[in-house]
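K.L.:
coords please:
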Amino acid sequence: MWRIEQQSLGGLIFCALWLCGCEPPGSQSTAEMWSEPIRVATFNTSLNRPAAGQLANDLRDGNDAQAWQVAAIVQRVRPDVLLLNEFDYDPQNPGGSWRLFQDLYLAVDQDGQQGIRYPHHFVAPVNTGLPSGFDWDKDGTEDGFGHGAFPGQYGMLVASRYPIDQDAVRTFQHFLWKDMPQAMLPADPETGSDYYGPAELMAFRLTSKSHWDVPIRIGDSTVHFLVCHPTPPVFDGPEDRNGSRNHDESRLLADYIAPRRSPYIYDDQRRFGGLPPDAAFIIAGDLNADPDDGDSAEFAVRQLIEHPRIRSTPVPSSRGGIEQAQVQAEANAQHVGDAAYDTGDFPDQNVGNLRVDYVLPSRNLDVLDAGVYWPASGQSGFALVAASDHRLVWVDVRLAR
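P.N.:
Have a look, this model is predicted:
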């Protein structure tokens with residue numbers, strides 16, 4: 001139902017890591033490896049395309065300007081573990097676009113930066129564009145399980161310098177929304193009855209892309225990389241079906257890390273339950289919810305940033321976010337959240353810039369540093385942010401002592 005691919009590059013990896021100033025895997029003792037900070041990042045790259053296979057075609061000649069900008073940002077920040085959102089998945093060639101992006105962009109020195117390689121990655125199917133047989137929005141046409149023009153549009157991918165425990169990966173693409181206790185299922189605003197009928201609820205998948213638990217092996221330790229990309233809480237009607245779904249997509253994560261609340265959760269292999277209470281984890285993704293502003297449900301992301309198992313401070317910040325909120329004004333002037341924490345640059349007239357991208361470690365990890373890649377206009381690398389309407393968010397962590 002899903003596929004994991006890893007690249008074994010042997011001496012090439014050793015040379016690449018040596019050239020970029022990184023220690024190759026196995027060159028340090030377990031204690032030494034985990035005593036050093038591990039940089040974890042999430043980046044909604046906007047590397048989505050309007051047609052299946054187009055991303056690979058655009059990347060193939062090594063000259064895609066947007067991909068160069070995305071790669072240059074990754075090279076500047078140099079995360080050890082990275083989630084890419086809105087990186088199209090191709091069911092006919094899983095991992096194909098990633099190999100092109102890594103070989104022709106990430107691994108190539110550019111913009112004064114050294115190339116970078118990730119010897120391990122995980123990629124799997126998502127719900128976007130996958131035909132459902134149902135008309136979820138009631139406009140007379142069939143919809144996908146998640147919004148998308150084709151299966152795999154707006155996909156996601158995990159890249160890592162550290163090994164991925166392949167046998168322990170869990171995906172939650174098929175979990176049904178109705179199976180969440182006290183789910184925030186939408187109601188018809190005129191009648192008060194369920195917006196979705198019984199047959200629809202028997203098929204409606206909660207996750208608009210997918211939720212993944214990707215265990216990363218760091219020495220003798222395991223850190224669960226919990227990643228997703230909930231639907232935007234907009235593009236709906238007074239029933240707020242997308243806002244409700246967005247809320248419960250984040251709730252799935254909040255319940256997954258709470259042992260007393262997680263027994264109902266099942267993965268795509270029908271294994272039930274969530275993480276044990278002592279597990280180390282890092283939640284990452286474009287959660288499409290701001291804790292203070294925007295159109296998401298009031299507590300959508302607060303379920304996570306106020307969760308007792310999550311260390312949510314220091315909050316990643318940037319100078320560019322402050323500057324652009326002032327320069328762009330309009331909707332930004334009405335926001336109550338701190339613009340330094342913004343991670344998305346959205347239309348100024350009615351949305352403004354928001355904090356929607358997150359890296360949230362568990363409390364048994366120490367946070368040493370954190371940031372948002374959003375330089376101010378006078379800083380080096382400012383022009384690169386044109387690659388996406390989102391900014392890369394990173395956090396440096398190590399095992400708490």
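K.L.:
where exactly do the strands run in this protein?
P.N.:
With strands called from DSSP state E, the chain shows them at 3-6, 38-47, 81-87, 120-123, 131-134, 143-144, 156-160, 170-171, 212-218, 221-228, 280-286, 357-361, 365-372, 393-399.
K.L.:
Which one, of the ones you listed, ends up nearest to residue 188?
P.N.:
Closest to residue 188 of the strands of the chain is strand 131-134 (CB to CB; 16.0 Å). Every C-beta, even on glycine, is put in place using the N, C-alpha and C of the backbone.
K.L.:
per-residue confidence averaged over that closest one?
P.N.:
Averaging pLDDT along strand 131-134 gives 97.
K.L.:
which neighbours does it have in its sheet, and in what orientation?
P.N.:
Its sheet considered, strand 131-134 pairs with strand 143-144 (antiparallel) by DSSP bridges.
K.L.:
Go ahead and name everything in contact with the partner strand.
P.N.:
With contacts defined as CB atoms under 8 Å, 6 or more residues apart in numbering, strand 143-144 is touched by 127, 128, 129, 130, 131, 132, 134, 135, 136, 137, 151.
K.L.:
can you check stretch 93-111 too?
P.N.:
For stretch 93-111, the external contacting residues (CB under 8 Å, 6+ apart) are 3, 5, 7, 16, 47, 55-56, 59-60, 62, 64, 67-68, 70-72, 74-76, 87-88, 90, 115-118, 121, 123-124, 157, 159, 381, 384.
K.L.:
Need the buried ones from these selected in PyMOL.
P.N.:
This is how PyMOL selects the buried members of the contacts of stretch 93-111, with burial counted by 16 or more other CB atoms under 10 Å:
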select buried, resi 5+7+16+47+55+56+59+64+67+68+70+71+72+74+75+76+87+88+90+115+116+117+118+121+123+124+157+159+381+384
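K.L.:
among the contacts of stretch 93-111, which are in helices?
P.N.:
If you go by DSSP state H, these have 16, 55, 56, 59, 67, 68, 70, 71, 72, 74, 75, 76 in helices.
K.L.:
Around the nearest residue to residue 178 once chain neighbours are set aside, count how many other residues there are.
P.N.:
Excluding the flanking residues, the one nearest residue 178 by CB to CB, 6 or more residues apart in numbering is residue 201, at 4.4 Å. The burial count assigned to residue 201 is 16, neighbours taken as other CB atoms under 10 Å.
K.L.:
Contact partners for residue 201?
P.N.:
Residue 201 touches 176, 177, 178, 185, 194, counting by CB under 8 Å, 6+ apart.
K.L.:
And for residue 290?
P.N.:
Going by CB under 8 Å, 6+ apart, residue 290 touches 296, 301, 337, 354, 355, 356.
K.L.:
And the pLDDT at it?
P.N.:
Residue 290 is given a pLDDT of 97.
K.L.:
number of nearby residues for residue 308?
P.N.:
Residue 308: 7 surrounding residues under other CB under 10 Å.
K.L.:
what sits against it?
P.N.:
By CB under 8 Å, 6+ apart, residue 308 lies in contact with residue 363.
K.L.:
what's the answer for the one 10 residues further on, then?
P.N.:
For residue 318, the contacting residues are 340, 342, 371, 372, 373, 374, 375, 391, taking CB under 8 Å, 6+ apart as the criterion.
K.L.:
Including pLDDT, could the residues you listed go into a markdown table?
P.N.:
What follows is the contacts of residue 318, written out as a markdown table (pLDDT from 0 to 100):
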| residue | pLDDT |
| --- | --- |
| 340 | 98 |
| 342 | 98 |
| 371 | 98 |
| 372 | 98 |
| 373 | 98 |
| 374 | 98 |
| 375 | 98 |
| 391 | 98 |
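K.L.:
Which ChimeraX command selects the buried ones in those residues?
P.N.:
In ChimeraX syntax, the buried subset of the contacts of residue 318 is picked out as below (16+ other CB under 10 Å):
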select :340,342,371,372,373,374,375,391
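K.L.:
Nearest to residue 269 among the contacts of residue 318?
P.N.:
Checking those against residue 269 by CB to CB gives residue 391 as the nearest, at 34.8 Å.
K.L.:
Return the distance of that closest one relative to residue 247.
P.N.:
Using CB to CB, to the nearest Å, residue 391 is found at 23 Å from residue 247.
K.L.:
Same check on residue 114?
P.N.:
Distance, residue 114 to residue 247, by CB to CB: 41 Å.
K.L.:
now do residue 55
P.N.:
From residue 55 to residue 247 the distance is 30 Å (CB to CB).
K.L.:
Repeat that for residue 321.
P.N.:
Residue 321 sits at a distance of 25 Å from residue 247 (criterion: CB to CB).
K.L.:
ok, those two, which is more surrounded?
P.N.:
It is residue 321, of residue 321 and residue 247, that has more neighbours when counted by other CB under 10 Å, with 26 against 22.
K.L.:
what sits against the more buried one?
P.N.:
By CB under 8 Å, 6+ apart, the contact list for residue 321 reads 339, 340, 341, 342, 343, 353, 372, 374, 391.
K.L.:
mind listing what the first one touches?
P.N.:
Neighbour list for residue 339: 321, 322, 324, 325, 326, 332, 353 [criterion: CB under 8 Å, 6+ apart].
K.L.:
Could you report the distance from it to residue 353?
P.N.:
For residue 339, the distance to residue 353 (CB to CB) stands at 7 Å.
K.L.:
okay, the residue most central in space within the chain: pLDDT?
P.N.:
The centroid of the chain falls nearest to residue 285 when counting by CA atoms, centre = their mean (2.5 Å). Listed pLDDT for residue 285 reads 98.
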